[in-house]
Structure formats: C-alpha cells, structure tokens
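Enquirer: any chance you can model this:
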Amino acid sequence: MASFNKVILAGNLTRDPELRYLPKGTAVVQFTLAISHKWKTESGESKEDVSFIDIEAFGRQAEVVAQYMRKGRPFLVEGRLKQDTWEDKATQQKRSKLKVILEGFSFIDSKGTDAGPAPASSETPRRAATAPAPRSPEPADAGEPSGPEEDDVPF
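Expert: Alright, predicted model coming up:
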C-alpha cells in the first residue's frame, strides 16, 4: 500500500524558536504555529477556531529559522507528520503527540513585527534552507552538442 505524508501550513509563531544542539552537533529548533480558521454562523455571528501546531526542524534549516523568525511573525512551512509516543512517568499511561517535521519553508513577510531590523533579503536564507540537492552532471555524447535540458522553462 502506498503512503503519502505531506503538510503545508501557514500561521504565526506563538513564541521565539528554541534552538539547541544534539550531542553530535546537529542543530534542532522547536516552535509552534498558531493557525486560525474564521467563519460566520447561520445567525451571522463571527467565530474563530485556533489550532496550535508544534514544528521541529534540523540542521541548517533549524539555524536559519532561529536566526530570522520571532514570536508573532507569519511563516509558511512544508513538512511531514510524526507521532511521538511515550509513557507518562507520573501516571504510567501511554501518551502521544503529533508534530510536523519541517522539510521546507518560506518567509511570508520581509519586515519584522518587532522593532529590530528585518533580514535584507529573505531569498538568501530560504534558498539555503530549501535548495534541492545538486544533481550529478550526466556525460554528454561526444558527437552531439549539449543543449538546454528538457525540463528547463524558458521564462
């Protein structure tokens, strides 16, 4: 059976990202996104439902998120769902929590909500954090000139 695990979320950070390092030196950042859903009831009353989603990122992405993101900033994340399970030491009951493991992201705005300066360009960190792995060059035939790749878009 095939499976697919992809999540795309846009929301605001509920707190500053918490950066730490694993014993082998890998950066890990944890933060929470607040995602709201607004609607009107049949009587015209406005309602809002807010979900708080825990996000975890590793490596260079973790360092970029910790450097540029702050509480209240809007943020778009792509990732996969992961369920952690453990036994509560106090109650001896099994517990579980669903979180998102960050695989890519985009800055939604370029100016901060705090008084501090915003990054000069959000393109640099985003490219560094989400750039695909470089492809190995394929050898060209000796008799044929090398032309543009088929999946290159001309605009």
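Enquirer: flag the shaky bits of this structure, pLDDT-wise.
Expert: 110-155 (pLDDT under 70).
Enquirer: the residue most central in space within it pairs with what?
Expert: Here the mean C-alpha position of the chain is nearest to the C-alpha of Val77 (C-alpha atoms, centre = their mean), at a distance of 3.1 Å. Bridge pairing for Val77 (DSSP bridges) gives the partners Leu9, Phe105.
Enquirer: just checking, it touches Leu9?
Expert: Yes - between Val77 and Leu9 there is a contact under C-beta atoms under 8 Å: 5.3 Å. (Each C-beta comes from the backbone N, C-alpha and C, glycine too.)
Enquirer: how about the helices in this structure?
Expert: According to DSSP state H, the chain carries its helices in the segments 59-68, 123-130.
Enquirer: could you find the closest non-adjacent residue to Ser46?
Expert: Lys40 (5.7 Å; C-beta to C-beta, 6 or more residues apart in numbering).
Enquirer: what of Ala27?
Expert: Distances taken as C-beta to C-beta, 6+ apart place Ala62 nearest to Ala27, at 4.1 Å, with adjacent residues excluded.
Enquirer: the nearest residue to Arg20 once chain neighbours are set aside: neighbour count?
Expert: Residue nearest to Arg20 in three dimensions, not counting chain neighbours: Val28, with 5.5 Å by C-beta to C-beta, 6+ apart. Val28 has 16 neighbouring residues, counting by other C-beta atoms under 10 Å.
Enquirer: do the one 10 residues further on as well
Expert: Other residues lying near Lys38 total 9 when counted by other C-beta under 10 Å.
Enquirer: same thing with the one 3 residues further on?
Expert: Neighbour count of Thr41, defined by other C-beta under 10 Å: 8.
Enquirer: again with Thr85
Expert: Number of residues near Thr85 (other C-beta under 10 Å) recorded here: 8.
Enquirer: tell me the contacts of the residue nearest to it when sequence neighbours are not counted?
Expert: Closest residue to Thr85 apart from its sequence neighbours, by C-beta to C-beta, 6+ apart: Ser96 at 4.5 Å. For Ser96, the contacting residues are 83-86, by C-beta atoms under 8 Å, 6 or more residues apart in numbering.
Enquirer: with Leu33 instead?
Expert: Leu33 touches 9, 11-14, 52-53, 55, 75, 77, counting by C-beta under 8 Å, 6+ apart.
Enquirer: any chance of these in JSON lines, plus distance to Gly44?
Expert: Shown next, in JSON lines, are these (distance: C-beta to C-beta, whole Å):
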{"residue": "Leu9", "distance to Gly44": "29"}
{"residue": "Gly11", "distance to Gly44": "26"}
{"residue": "Asn12", "distance to Gly44": "27"}
{"residue": "Leu13", "distance to Gly44": "32"}
{"residue": "Thr14", "distance to Gly44": "30"}
{"residue": "Phe52", "distance to Gly44": "28"}
{"residue": "Ile53", "distance to Gly44": "30"}
{"residue": "Ile55", "distance to Gly44": "35"}
{"residue": "Phe75", "distance to Gly44": "32"}
{"residue": "Val77", "distance to Gly44": "34"}
